[in-house]
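*Asks:* from the sequence below, what's the structure:
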Amino acid sequence: MLVRRGLVALTVVGILAAAFELAIERHWNGLEQLIPWLALAVLAVATVLVAIPGGRGVTVARVLALLVLGASIYGVVDHILVNFNSGALDQNFADTWDTLPLVERGWYAITKTVGPAPTLAPGVLGQSALLLLLATLGGTRKATAGGR
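*Replies:* Purely as a prediction, here's the structure:
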């Protein structure tokens, strides 16, 4: 029970941290930038569902957390691609970008050496969804009178 509560608490911290990051980045310009806000709301609903006594909300919470995990994966990939496509425009790499090995260009895109999009931000959303999924594993049923 303590581990479960800790995982839920970490999920809440992740939701708040991601919301703070999105707010300071003013991440609300256009429909695509609203996706993580929607995902945060869905994850918040899933977190509340996990708290329903008797585990009645767990199944729906798991489905919602999986949807958020999918949105997170999309966000990470999208951010990497945005950064990758920005490499040729970067003043440090403009002349050499196309000659660099694909793995090196990919690394620069993932680590935000080139491009404006943080790949860690959508990753935190996915981590929070995984934490909530882990919080729902095992122990949702009440013990029977026989102690089983």
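*Asks:* for the protein, which helix is longest?
*Replies:* Longest helix in the chain, counting residues (DSSP state H): helix 58-86.
*Asks:* tell me who's in contact with A135.
*Replies:* 4, 7-8, 11, 50 (C-beta atoms under 8 Å, 6 or more residues apart in numbering). Yep, even glycine has a C-beta here, placed from its N, CA and C like the rest.
*Asks:* out of these, flag the one nearest to Q127.
*Replies:* The closest of these to Q127 turns out to be T11 (C-beta to C-beta; 9.0 Å).
*Asks:* in this protein, where is pLDDT below threshold?
*Replies:* 139-148 (pLDDT under 70).
*Asks:* helices along that one, start to end?
*Replies:* Under DSSP H, the chain gives helices at 2-24, 31-50, 58-86, 102-110, 120-135.
*Asks:* make CSV out of these and add distance to A94.
*Replies:* Converted to CSV, those look like this (distance: least, C-beta to C-beta, whole Å):
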stretch, distance to A94
helix 2-24, 29
helix 31-50, 26
helix 58-86, 11
helix 102-110, 13
helix 120-135, 25
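*Asks:* deepest-packed of those helices, please.
*Replies:* helix 120-135 (a mean of 21; mean count of other C-beta atoms under 10 Å).
*Asks:* how far away from the center of its chain is that one?
*Replies:* 5 Å (C-alpha atoms, centre = their mean, to the nearest Å).
*Asks:* that one vs helix 58-86, what angle?
*Replies:* 160 degrees (axes from the mean of the first three to the mean of the last three C-alpha atoms, to 10 degrees).
*Asks:* before I go, just wanted to say thanks for your time.
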